[in-house]
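Novice: how would this look folded up:
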Amino acid sequence: MLRGSLSQRPVAADRAPASSARCVALAARSVKSVAPTRRSLVENLVNAPRAGPVGSYSGEWDKLSVEEIDEWQDRGPKTPLLDTVNYPVHIKNFNLDQLKQLCKELRSDIVHTVSRTGGHLSSSLGVVELTVALHYVFNTPEDKIIWDVGHQAYGHKILTGRRKGMSTIRQTNGLSGFTKREESEYDPFGAGHSSTSISAALGVPSDAV
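Specialist: Okay, here's the model as predicted:
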């Protein structure tokens with residue numbers, strides 16, 4: 001997680017988000033260079049109440065018919081905004097309401113994926129807003145985001161060109177359940193064990209931070 005507010009330079013930190021899914025972020029640019037309006041928008045996003053998944057246990061589930069539940073389980077949730085996002089560059093012009101809706105749809109997509117493939121659910125759900133905020137503010141993959149362990153990187157994978165492959169996550173010859181350098185240029189570090197991200201972040205060349 002980023003230490004301090006978004007007005008400070010992000011550094012490797014040992015603080016855990018509310019979900020207990022720990023992440024360490026190393027960004028190659030100072031957040032001080034981010035326009036005040038964008039910084040305020042991101043602060044509102046990460047501090048807002050967590051948006052539940054679309055049509056699941058967010059309070060909408062009990063309103064669905066049996067047919068709608070079956071369709072949700074078979075085809076997945078409706079994610080019209082997420083469907084327009086293939087890479088982080090596609091969210092750069094979103095407003096706060098759109099970012100909140102994106103978080104809601106991203107949670108839905110993660111829930112649906114894990115319900116079919118298995119995997120680490122709560123850790124990824126716990127950092128959805130953080131994931132969206134990081135990719136909204138920073139210019140990945142030029143700016144480096146290093147996740148600790150990697151259990152919480154499902155949303156990161158979806159936003160970085162790997163959504164279509166999520167049905168293969170943790171499967172033979174499928175996507176890794178962790179970040180993996182061979183898998184994407186958006187994964188600068190191959191995580192898998194707790195706390196290794198700190199030394200990895202410190203080892204990034206000084207000209208990249």
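Novice: so how many other residues sit close to residue 117?
Specialist: Close neighbours of residue 117, defined as other C-beta atoms under 10 Å, add up to 16. The C-beta positions use only the backbone N, C-alpha and C, and glycine is treated the same way.
Novice: Mind giving me the packing neighbours of the longest helix belonging to the chain?
Specialist: Longest helix in the chain, counting residues (DSSP state H): helix 96-117. Contacts defined by 3 or more C-beta pairs under 8 Å, 6 or more residues apart in numbering; DSSP states H and E place helix 96-117 against helix 36-47, helix 66-75, helix 122-125, helix 128-137, helix 154-157.
Novice: Touching the last one from outside, list them.
Specialist: This points to helix 154-157. For helix 154-157, contacts defined as C-beta atoms under 8 Å, 6 or more residues apart in numbering pick out 106, 110, 113-114, 119-120, 124, 127-128, 131-132, 135, 145, 147, 163, 166, 169, 175, 179, 184, 186.
Novice: re the thing from before, between helix 66-75 and the longest helix of the chain, find me the angle.
Specialist: Relative orientation of helix 96-117 versus helix 66-75 (axes from the mean of the first three to the mean of the last three C-alpha atoms, to 10 degrees): 80 degrees.
Novice: Which one, of the helices and strands packed on helix 96-117, ends up nearest to residue 193?
Specialist: helix 122-125 (14.3 Å; C-beta to C-beta).
Novice: Can you tell me what sits against stretch 161-177?
Specialist: Contact partners of stretch 161-177, identified using C-beta under 8 Å, 6+ apart, comprise 82, 86-87, 109, 113, 116-120, 150-151, 154, 157-158, 183-184, 186.
Novice: Which members of those residues are classed as buried?
Specialist: 82, 109, 113, 117, 119-120, 150-151, 154, 157-158, 183-184, 186 (16 or more other C-beta atoms under 10 Å).
Novice: Can you tell me which of those lies closest to residue 140?
Specialist: Of those, the one sitting nearest to residue 140 (C-beta to C-beta) turns out to be residue 186, at 5.6 Å.
Novice: Compute the distance between that closest one and residue 121, please.
Specialist: Distance of residue 186 to residue 121, given as C-beta to C-beta, to the nearest Å: 21 Å.
Novice: cool, residue 155 as well?
Specialist: 11 Å.
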